[in-house]
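Engineer: Okay, here's the prediction I keep looking at, along with the sequence it came from:
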Amino acid sequence: MKAPPELKEALERFDPGIVDLAAAARAVVLDVVGPCYECIFPIKRLVSVLYSTTEKRMKDNICLLVVYRDHVNLMFPRGVDLKDPKGLLEGSGKAMRHVKMRAAADADRPGVRPLLAQANKRQGLGKPAEPLRKVLTSLKSGPTASTEPAWPRLF
């Protein structure tokens with residue numbers, strides 16, 4: 001699936017290998033999850049892309065991709081509840097778990113798609129008013145999207 005211009009622009013700061021990895025991870029997410037809401041958050045040195053069933057991107061969040069300088073994490077807000085027979089999930093937080101990916105081939109590791117499928121069927125996820133026919137991408141702009149602080153510089 002072709003990346004939207006907003007995502008291409010947000011990923012320009014990364015090495016081509018990381019851009020390819022992010023594209024591969026995104027393709028797997030969208031292949032499993034199908035049409036959904038995609039919200040891009042450029043934040044200082046990383047880019048976070050949230051995937052949700054409705055416009056309520058936090059409440060109805062299925063998963064997110066966080067793109068770092070040298071890897072991509074596929075994050076699950078309720079990862080603690082997922083069955084993970086392949087042992088891919090990492091993390092020790094109260095609920096969040098992630099799968100670390102360092103190469104584009106990692107997006108297709110056995111076990112990634114079943115985790116996404118489980119997350120997509122999580123209880124409590126909202127349903128859109130009308131079924132989505134395509135991915136609806138938006139870009140979160142404002143102070144979090146900038147590398148500059150939101151407050152005026154005093155020095």
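Structural biologist: Perfect, thanks for sending it. Residues are numbered from 1 along each chain as shown.

Engineer: CA only for contacts and neighbour counts going forward, please
Structural biologist: Fine.

Engineer: Now do the buried residues in stretch 70-88.
Structural biologist: Buried positions in stretch 70-88, judged by neighbour count with 16 or more other CA atoms under 10 Å: 71, 72, 73, 74, 75, 76, 77, 78, 79, 80, 82.

Engineer: So which elements touch the lengthiest helix in the chain?
Structural biologist: Using DSSP state H, we find that the single longest helix of the chain is helix 16-33. Contact analysis of helix 16-33 by 3 or more CA pairs under 8 Å, 6 or more residues apart in numbering; DSSP states H and E lists strand 61-67, strand 72-76, helix 112-120 as its packing neighbours.

Engineer: Excluding sequence neighbours, find me the nearest residue to residue 49.
Structural biologist: Nearest residue to residue 49 in three dimensions, chain neighbours excluded: residue 40, at 4.5 Å (CA to CA, 6 or more residues apart in numbering).

Engineer: Below-threshold pLDDT in this protein: ranges please.
Structural biologist: The model of the chain has pLDDT under 70 over residues 1, 141-155.

Engineer: Now do residue 34 against residue 90, distance only.
Structural biologist: To residue 90, residue 34 is 25 Å away according to CA to CA, to the nearest Å.
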